[in-house]
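# Sharing a sequence plus its predicted fold:
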Amino acid sequence: AGEGSVALEVAGRAVRFDVPDAGGPYVYATLEAGLQVSGVHDLRLGLRGSVRLAHIGFSG
């Protein structure tokens, strides 16, 4: 919906993305992080600003 940031933290590693204003609430952007973690861990996801999250996915 607007600019802000997305922070992802897992297994003591953190990644933060700055998200620019995409031009409206229905304009989507894809963000990818190359974190490799095995086992079971807590995941923290934080949004700042007027950012909306539609989907989070994992592969491996």
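Received, thanks. Predicted model, so just to flag it, every value in this text is computed and none were measured. Numbering: from 1, shown residues only.
# Quick one: the strands in the chain, in order.
With DSSP state E as the criterion, the chain has strands at 4-10, 13-19, 43-49.
# nearest to L31, of those?
strand 13-19 (4.9 Å; CB to CB). C-betas here are computed from N, CA, C, even on glycine.
# That closest one vs strand 4-10, what angle?
Taking axes from the mean of the first three to the mean of the last three CA atoms, to 10 degrees, one finds strand 13-19 and strand 4-10 inclined to each other by 170 degrees.
# Show me the contact partners of strand 13-19.
3-9, 29, 31, 33, 35, 37, 49, 51 (CB atoms under 8 Å, 6 or more residues apart in numbering).
# May I ask which two of these are separated the most?
E3 and V37, at 28.3 Å, using CB to CB across the contacts of strand 13-19.
# Identify the bridge partners of the residue nearest to D42 when sequence neighbours are not counted.
Nearest residue to D42 in three dimensions, chain neighbours excluded: V10, at 7.3 Å (CB to CB, 6 or more residues apart in numbering). Here V10 sits in beta bridges with R13, L43, as judged by DSSP bridges.
# Okay, V10 and V27: tell me how far apart.
For V10, the distance to V27 equals 28 Å [CB to CB, to the nearest Å].
# So for the two, which residue has more residues nearby?
V10 (15 against 9; other CB atoms under 10 Å).
# what's the spacing between that one and R52?
21 Å.
# Mean neighbour count, the strands of the chain: which tops it?
Most buried of those by mean neighbour count (mean count of other CB atoms under 10 Å) is strand 4-10; its value is a mean of 16.
# And that one, what does it pack against?
strand 13-19, strand 43-49 (3 or more CB pairs under 8 Å, 6 or more residues apart in numbering; DSSP states H and E).
# Lowest mean pLDDT across those, which one is that?
Mean pLDDT is lowest for strand 13-19 among the helices and strands packed on strand 4-10, at a mean of 90.
# Centre of the chain to that strand, how far?
What separates the centre of strand 13-19 from the centre of its chain is 7 Å, taken as CA atoms, centre = their mean, to the nearest Å.
# just stretch 4-23 next, same as before
Distance of stretch 4-23 from its chain centroid, counting by CA atoms, centre = their mean, is 5 Å.
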